[in-house]
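**Q** quick one: sequence plus predicted model below, questions after.
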Amino acid sequence: MIPAFIVENSPALMIIVPLVAAFLSPFIGRISSTVRSIWVGGAMAVTSAIALILALDVYSAGTRLYVFGASAASAAIPPDSGGIPIRIIFEIDPMSALMLVITAISGFSIIVYSLSSERSHTGLESYYTLYLLMITGILGMVSTGDIFNFFVFLEILSLASAGLIAYRIDGGVAVEAALKYFVLSTIGALAILVAIGIYYGQYNALNMAMIAARMQFSVLDQVALVLIIAALAMKCGAVPMHFWTPDAYSMAPSSITALLVVASQASLYGLFRTVFTLYNVTLNAATVGWLLIILGVLSMVVGVTMAIPQKNVKRLMAYHAVSQTGYMLLGVGVGLAVLGNQSLLDAFGYMAMEGGIFHIINHAMYKGLLFLTAGAIFLRLGTYNLNRMGGLGHSMKWTMLFFVIGALAIAGIPPFNGFASKLMIYESVFVFNPLLAVIAMVVSILTLASFVKVFHSIFMGPALPEYAEVKEAPMPMLAGMGILAVVVILFGLFPGIVVESLIAPAAHALVDQGAYIGAVLGGA
Amino acid sequence: MFWNLPLIAVVALILIALAIIVFKKNLIKVFLGIVILESAVNLFLITLGYREGGIAPIYTNAPQATMVLPTPQALTLTSIVIGVATSALLLSFAIVIWKKYGSIDIDRIRRLRE
């Protein structure tokens, strides 16, 4: 059905298509804005399709290796290289495939939304170019098997995101937010580069599988681990380094904020990949596991308590994003803390990790949905201030429906997807340490309380006279939100199937370091 | 001899750069701190590949001699390119901030908090 050529070269194609489309879009936009919309929408649709084809292939046929500059994946290690994989390798295992699925769904629905929400703005050439570059960066980060390549895609992503956060200058305030984000992420990226230098100096390799196979966990490796954890925890917005998140999330256009959520998840993926694949059992799993758990608990508690008093609806949602990131760190951290102990891992470790990883995809869907509804409200009202909203339930019925779906999902109410993943986290974490599960539940209740308040002040009450002219959001925006809402509901109704087919393979792929190494080096 | 000297320079440069980034109030000086940090990391990468008495790693007609490692040089080149893009974006942000706020003092760039 699908030509073999596309399936075979899908890892390269899914990078090339958005990259080429990004740089061609300013020229094509010269013709007319309709042609540009078709061009960028089509390019994103093709990219999503390729990423989904690749993910499907990985889930059915196992880890995929793509070696750039070689005719076949079996040429990963050239015969005259002394056993070192010197070429750039993409290695897509089920964990990467899950991230591809997230990026494909979010990227496509957000561009459908953007086509309508950004129509009346100037500077659209750069908007779509940077948007497609962000997609390139995310897809590259989650599929590369080469640690320097990871750094390059991370920088592509940071540059494009910073440009888009500052896209609506807004009296300079958006630029201020972008500046904060970009200075921090540049310093973080340089820390990662130092860590890469440390690995290269010790192990003569940049390939993640090769480094993992040779990992000694010397003092230098510990320094590198600290640098990478600090940099990536900052980029995914975990608490001690979260202060850029509310600024950047609230100042970026809403469509970009939804994509920034996915970008943060890609950094989270990098964090998990480093800890599980590069180090795995060589590190002191309990210590690093507890480090992630503490980061997670702090993020949950600080995020939700800071969210409650916010007046700006996007700032409020941004603090909730910090809080939800905490759940993922908690779930996967518990799995890491018992790594190396097979009986504990089987008892609750895998389940905790599956909960955390399931929460990544759920969060990307419902948080994206919530930010998109905030954008729709802003489009019609021109304000994010909660105190100035009210009675929108009369005029924006679909937006209200989508907001309710997103809000119930983030609060963990059945039958939405947030409930499914949070329940897995509660159950498994309770076995590990009851106190952590209690904290997680309290945070969830506070989240619900906060969203009930937001829902009430935006949609309930009599229709306000100053918003008498307000209409429903335009159709493409509703379509973009609709895609995400359908995914939220489907994942909530059939969590068993999703966990079985998407999440469990990802969790096992993270834990099974030997399989990752073996795919490149052959027989570990 | 003295092969540790570049590494000492790397550490010194990183500390200087971090001090500039943390303590300077002028946005341009903060950016200069970031550029120094980038240079320090580049120097670190180059030092990793250096072999004493090594020649440039070009195989054609090369005499039988020690060569320096080519990979760190390729990494450094990539890193320099990324650094240029970073500096350009940071400076363009500074221009917009100057136009809108009339100041590049970081104590006065805090409309977000209000």
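**A** Sure, I can see it.

**Q** what kind of secondary structure is the residue nearest to residue B:67 when sequence neighbours are not counted in?
**A** Nearest in space to residue B:67, with sequence neighbours left out and distances taken as C-beta to C-beta, 6 or more residues apart in numbering or on different chains, is residue B:57 at 4.3 Å. C-betas here are computed from N, CA, C, even on glycine. Secondary structure, DSSP: H, G, I helix; E, B strand; the rest coil: residue B:57 is coil.

**Q** and what of residue A:90?
**A** Secondary structure for residue A:90, judged by three-state DSSP, is strand.

**Q** hey, what's it bridged with?
**A** Per DSSP bridges, the residues bridged to residue A:90 are residue A:66, residue A:144.

**Q** can you check the pLDDT for it?
**A** Listed pLDDT for residue A:90 reads 92.

**Q** quick one: it and residue A:11 touch, right?
**A** Yes: the criterion here is C-beta atoms under 8 Å, and residue A:90 meets it with residue A:11 at 4.3 Å.

**Q** between these two, tell me which one has more neighbours.
**A** A count of neighbours by other C-beta atoms under 10 Å in any protein chain shown puts residue A:11 above the other of residue A:90 and residue A:11, at 29 against 25.

**Q** leaving out sequence neighbours, find the closest residue to the residue most central in space within chain B.
**A** Central residue of chain B (C-alpha atoms, centre = their mean): residue B:38, 1.5 Å from the mean position. Leaving aside its sequence neighbours, residue B:38 sits nearest to residue B:83 (C-beta to C-beta, 6+ apart; 4.4 Å).

**Q** and the one you found, how far is that from residue B:28?
**A** Noted for residue B:83: a distance of 16 Å to residue B:28, by C-beta to C-beta, to the nearest Å.

**Q** more neighbours: which of the two?
**A** Taking neighbours as other C-beta under 10 Å, residue B:83 and residue B:28 compare with residue B:83 leading, 21 against 13.

**Q** run a quick neighbour tally on the closest residue to residue B:105 other than its chain neighbours.
**A** Counting by C-beta to C-beta, 6+ apart, residue B:105 lies nearest to residue B:25, which is 5.4 Å off, once chain neighbours are set aside. When neighbours are defined as other C-beta under 10 Å, residue B:25 has 12 of them.

**Q** what sits against residue B:25?
**A** By C-beta atoms under 8 Å, 6 or more residues apart in numbering or on different chains, residue B:25 lies in contact with B:105, B:106, B:107.

**Q** can I get those residues in CSV including neighbour count, pLDDT and secondary structure?
**A** As requested, the contacts of residue B:25 are exported to CSV (neighbours: other C-beta atoms under 10 Å in any protein chain shown; pLDDT from 0 to 100; DSSP: H, G, I helix; E, B strand; the rest coil):
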residue, neighbour count, pLDDT, secondary structure
B:105, 10, 86, strand
B:106, 16, 83, coil
B:107, 7, 83, coil
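
**Q** what's the spacing between the residue nearest to residue B:105 and residue B:92?
**A** Counting by C-beta to C-beta, the gap from residue B:25 to residue B:92 is 20 Å.

**Q** mind listing what's buried in the longest helix belonging to chain B?
**A** The longest helix of chain B (DSSP state H) is helix B:70-101. In terms of neighbour count (16 or more other C-beta atoms under 10 Å in any protein chain shown), helix B:70-101 has its buried residues at B:71-73, B:75-76, B:78-79, B:82-83, B:86-87, B:89-90, B:93-94, B:96-97, B:100-101.

**Q** which residues touch residue 110?
**A** Picking chain A for this. By C-beta under 8 Å, 6+ apart, residue A:110 lies in contact with A:255, A:258, A:259, A:368, A:372, A:480.

**Q** could you do chain B instead?
**A** Listed by C-beta under 8 Å, 6+ apart, the contact set of residue B:110 reads residue A:176.

**Q** and the nearest residue to residue A:213 once chain neighbours are set aside, helix, strand or coil?
**A** Of all residues not flanking residue A:213 in the chain, residue A:517 sits nearest, at 4.8 Å (C-beta to C-beta, 6+ apart). Three-state assignment for residue A:517 (three-state DSSP): helix.

**Q** thought residue A:517 was touching residue A:214?
**A** No: judged on C-beta under 8 Å, residue A:517 makes no contact with residue A:214 at a distance of 9.7 Å.

**Q** which of the two has more neighbours?
**A** Using other C-beta under 10 Å as the criterion, residue A:517 and residue A:214 rank with residue A:517 on top: 24 against 13.

**Q** the more buried one and chain B: what is the separation?
**A** Remark: distance between residue A:517 and chain B (C-beta to the nearest C-beta, to the nearest Å) = 21 Å.

**Q** isn't residue B:29 right next to residue B:17, touching?
**A** No: using C-beta under 8 Å, residue B:29 makes no contact with residue B:17, being 11.0 Å away.

**Q** and those two? Which one has more around it.
**A** More crowded of residue B:29 and residue B:17, by other C-beta under 10 Å: residue B:17, with 22 against 14.

**Q** who are the packing partners of the helix or strand where the more buried one lies?
**A** Using DSSP states H and E, residue B:17 sits in helix B:5-23. Under the contact criterion of 3 or more C-beta pairs under 8 Å, 6 or more residues apart in numbering or on different chains; DSSP states H and E, helix B:5-23 touches helix B:27-49.

**Q** OK, contacts around the residue nearest to residue B:38?
**A** Counting by C-beta under 8 Å, 6+ apart, residue B:83 touches B:35, B:38, B:42.

**Q** wait, which of the residues you listed is closest to chain A?
**A** Closest approach between the contacts of residue B:83 and chain A, by C-beta to the nearest C-beta: residue B:38, at 6.3 Å.

**Q** so what's the residue in chain B that chain A sits nearest to up against?
**A** When scored by C-beta to the nearest C-beta, chain B has residue B:100 as its residue closest to chain A, at 3.0 Å. By C-beta under 8 Å, 6+ apart, residue B:100 lies in contact with A:169, A:171, A:172, A:175.

**Q** per-residue pLDDT of the first one, please?
**A** Which is residue A:169. So, for residue A:169, pLDDT stands at 81.

**Q** count the neighbours of it for me.
**A** Residue A:169 has 17 nearby residues by other C-beta under 10 Å.

**Q** these two touch, right, it and residue A:175?
**A** Yes: counting by C-beta under 8 Å, residue A:169 touches residue A:175, with 5.8 Å between them.

**Q** common neighbours of those two, please.
**A** Counting by C-beta under 8 Å, 6+ apart, the contacts common to residue A:169 and residue A:175 are B:96, B:100.

**Q** what parts of the stretch 101-250 of chain A come near chain B?
**A** A:148, A:152, A:155, A:159, A:162-163, A:166, A:169, A:171-173, A:175-179, A:182-183, A:186-187, A:190, A:193-194, A:196-197, A:200-201, A:206, A:247 (C-beta under 8 Å from any C-beta of the partner chain).

**Q** can you give me the helices in the stretch 101-250 of chain A?
**A** All helices of the stretch 101-250 of chain A, identified by DSSP state H, counting those that start in this stretch, fall at A:124-143, A:147-165, A:173-203, A:208-214, A:219-235, A:244-251.

**Q** turn those helices into TSV, columns for mean pLDDT.
**A** Formatted as TSV, these follow (pLDDT from 0 to 100):
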stretch	mean pLDDT
helix A:124-143	93
helix A:147-165	94
helix A:173-203	93
helix A:208-214	90
helix A:219-235	93
helix A:244-251	91
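
**Q** average model confidence for stretch A:94-106?
**A** Per-residue scores along stretch A:94-106 average to 94.

**Q** for it, buried residues please.
**A** Within stretch A:94-106, the residues that qualify as buried are A:94-106, counting by 16+ other C-beta under 10 Å.
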